[in-house]
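> dropping the sequence and predicted coords here.
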Amino acid sequence: MKKIKVHKRNEVIRGSDDYSLNAKKAMNAIYYGMQKHRELGTFKHDQITIQFTTLRKLMNLEKDGAYVEVMKEALTELMQPIHLHNYYHPIDEIEYSWYATTFLTDAGFHKR
């Protein structure tokens, strides 16, 4: 099995959230997808694509029969606010002592 190393921004690690374990697994899967897109040179800041089977595997849901609902709940949960402390906003170029945002703005599954 290939080892996966996920790098998160310090602001996210220091932030406060009430995300469930499945939501945190989904977050790690999204970070993994972002890193893969960067390696391939196909990264867009506003959108990434992760194969359904990859998300299922990274969330360790291969033996869970209700994996679709678990994934939907986890991704929906990541659209809830997260509070960041000492956050430097790269677009505004402002450092906020407190900043509230969401990890995801939207998510969905589609067939190819």
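Cool, the structure landed.

> pull the contacting residues for A26.
Counting by Cβ atoms under 8 Å, 6 or more residues apart in numbering, A26 makes contact with 55, 59, 71, 74-75, 77-78. Placement of C-beta: from N, CA and C, glycine included.

> now it: how far from Y67?
12 Å (Cβ to Cβ, to the nearest Å).

> residues that sit against both of those two, list them.
Joint contacts of A26 and Y67 (Cβ under 8 Å, 6+ apart) are M59.

> so S20 touches L75, yeah?
No. Using Cβ atoms under 8 Å, S20 is not in contact with L75; the gap is 11.6 Å.

> tell me which two in the contacts of A26 are the farthest apart.
Across the contacts of A26, the longest distance by Cβ to Cβ is 14.3 Å; it joins L55 and E77.

> Q35 sits in which helix or strand?
helix 21-40 (DSSP states H and E).

> buried stuff in the next helix or strand after that helix?
Tracing the chain C-terminally past helix 21-40 and defining elements by DSSP H and E, one meets helix 52-58 next. By 16 or more other Cβ atoms under 10 Å, the buried positions in helix 52-58 come out as 55-56, 58.

> and what of stretch 24-42?
So for stretch 24-42, counting by 16+ other Cβ under 10 Å, buried means 25-27, 29-37.

> show me the residue at the heart of the chain, geometrically.
M27 (3.0 Å; Cα atoms, centre = their mean).

> what's near enough to touch that one?
Per Cβ under 8 Å, 6+ apart, neighbours of M27: 19, 78, 103.

> now do it against M71, distance only.
Distance from M27 to M71, by Cβ to Cβ: 12 Å.

> try T54
T54 is 12 Å from M71, by Cβ to Cβ.

> okay, now the unreliable bits of the chain?
Counting by pLDDT under 70, the chain shows low-confidence ranges at 1-17, 37, 42-46.

> ok, back up a step: quick one: which of the contacts of M27 sit in strands?
Of these, none are assigned to strands by DSSP state E.

> I'm done for today, thanks for sticking with me.
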